[in-house]
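Chemist: let me see the structure of the following:
(chains A and B)
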Amino acid sequence: DAGVIQSPRHEVTEMGQEVTLRCKPISGHNSLFWYRQTMMRGLELLIYFNNNVPIDDSGMPEDRFSAKMPNASFSTLKIQPSEPRDSAVYFCASSSSSGTYGYTFGSGTRLTVV
Amino acid sequence: DAKTTQPPSMDCAEGRAANLPCNHSTISGNEYVYWYRQIHSQGPQYIIHGLKNNETNEMASLIITEDRKSSTLILPHATLRDTAVYYCIVRVRTGANNLFFGTGTRLTVIP
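Modeler: Numbering: from 1, shown residues only, chains lettered A, B, ... in the order given. Next up is the predicted model:
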């Protein structure tokens, strides 16, 4: 298994532009999580899905952020319009529904908004 | 989920055992202790988890005190590749939900 796959690995964009981050979870995992990591705030959960349905999006900072999971093998996190304060590393993770043996994280997308 | 307290940093000599402590005095009876680590620029990696018995796998050992208010992650023979931030998390095992990552312990393995 290739693990959780995120793309792109790095993204540099100008303020005001739309940014889309992508994630492919591990096959058979039915829970998917989006986290954001900054020096100031550490790792924060943005949103998670069970069976493609958003369960908790209370961590999404504002309406500029949206996430979708159209099927079991793909999810996107979109920021529109992007702002410099959105600069961070965004991680996607997946797990089985029980989460028993932990979550598997992707390598992350480092987003820089200039 | 219960809150955890970890020392901000620790050093360990290469080849020696690294013992990373974690306090979780408010842990509930149905909450497990999980350990993750994050090597620089990588996503967090699951290490081990336990309820009340000591656990061991190919990566580490987990020692949980009898009252479950604290635990210790042991890396038996630390290598330079074990340099990372280690997070202790307590959570209910059933059901996928949020993992709350605190500030963790930054372990530096010294040659």
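Chemist: any chance you could map the strands in chain B?
Modeler: Taking DSSP state E as the test, the strands found in chain B are B:9-13, B:18-23, B:31-38, B:45-50, B:55-56, B:61-64, B:70-75, B:84-92, B:105-110.
Chemist: quick one: which of the ones you listed is nearest B:L99?
Modeler: Among the strands of chain B, strand B:84-92 comes nearest to B:L99, with 5.7 Å by Cβ to Cβ. (C-beta placed from N, C-alpha, C; glycine too.)
Chemist: which other helices and strands does that closest one contact?
Modeler: strand B:18-23, strand B:31-38, strand B:70-75, strand B:105-110 (3 or more Cβ pairs under 8 Å, 6 or more residues apart in numbering or on different chains; DSSP states H and E).
Chemist: only alpha carbons, please: show that strand as CSV.
Modeler: In CSV, the C-alpha atoms belonging to strand B:84-92 read as follows (Å, rounded to 0.1, in the frame of the first residue of the first chain):
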residue,chain,number,x,y,z
ALA,B,84,11.5,13.6,16.5
VAL,B,85,8.6,15.2,18.4
TYR,B,86,6.7,12.6,20.4
TYR,B,87,3.1,13.1,21.2
CYS,B,88,1.2,11.3,24.0
ILE,B,89,-2.6,11.3,23.4
VAL,B,90,-5.4,9.9,25.4
ARG,B,91,-8.7,9.1,23.6
VAL,B,92,-11.6,6.7,23.5
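Chemist: what residue is smack in the middle of chain B?
Modeler: B:W35 (3.5 Å; Cα atoms, centre = their mean).
Chemist: what does chain A have sitting close to chain B?
Modeler: A:4, A:31, A:33, A:42-43, A:45, A:48, A:50, A:56, A:91, A:93, A:95-108 (Cβ under 8 Å from any Cβ of the partner chain).
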